[in-house]
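> Sequence plus predicted model, see below.
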Amino acid sequence: VQLQASGGGLVQAGGSLRLSCAGSGRTFSNYVMGWFRQAPGKEREFVSAMRWNSASTTYADSVKGRFTISRDNAKNTVFLQMNSPKPEDTAVYYCAAGPLILTSEESYDYWGRGTQVTVSS
């Protein structure tokens with residue numbers, strides 16, 4: 001099983017950026033796909049998650065209303081649309097897959113390499 005996150009980069013505050021996470025090696029139809037992030041000097045934290053086959057979603061309070069998680073079944077890919085990002089959103093973003101739509105990273109079995117997002121003020 002492989003997860004590949006991409007789409008990170010430098011974005012101005014108030015702009016937009018879309019992260020992608022492509023899955024391969026198995027069918028993710030029964031999995032929850034999650035996004036986490038880790039800022040320098042901080043612990044990794046939950047951002048958002050969605051159940052692949054029902055579109056049920058959840059968000060951290062810090063990103064609710066600004067970020068949107070979605071998926072493309074045909075491409076086995078999940079996205080994180082980041083609108084109106086803030087400098088405090090600067091972090092390495094990771095995608096993960098697991099059986100339950102929970103916010104703890106211990107609940108996720110598969111992880112991709114992170115992609116750096118830097119938000120300038």
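Nice, I can see it. The structure displayed is predicted, hence computed values, not measured ones. Residues are numbered from 1 along each chain as shown.

> any idea how far the residue nearest in space to the middle of the chain is from residue 82?
By CA atoms, centre = their mean, the chain has its centre lying nearest to residue 35, at 2.6 Å. Distance of residue 35 to residue 82, given as CB to CB, to the nearest Å: 10 Å. C-betas here are computed from N, CA, C, even on glycine.

> Find the residues that touch each one of the two.
Both residue 35 and residue 82 are in contact with residue 19, where contact means CB atoms under 8 Å, 6 or more residues apart in numbering.

> ok, back up a step: next, find the distance separating the residue nearest to the centre of the chain from residue 19.
Taking CB to CB, one finds residue 35 at 7 Å from residue 19.

> what is in contact with the two at once?
Overlap of the contact sets of residue 35 and residue 19 (by CB under 8 Å, 6+ apart) consists of 80, 93, 95.

> Check those residues against residue 23 and report the nearest one.
Closest approach between these and residue 23, by CB to CB: residue 95, at 8.3 Å.

> Can you tell me the closest non-neighbouring residue to the closest one?
The shortest distance from residue 95 to any non-neighbouring residue, by CB to CB, 6 or more residues apart in numbering, is to residue 21 (3.4 Å).

> what about that neighbour, how many neighbours?
Using other CB atoms under 10 Å as the criterion, residue 21 is surrounded by 27 other residues.

> Quick check: it is in a strand.
Yes: counting by DSSP: H, G, I helix; E, B strand; the rest coil, residue 21 is found in a strand.
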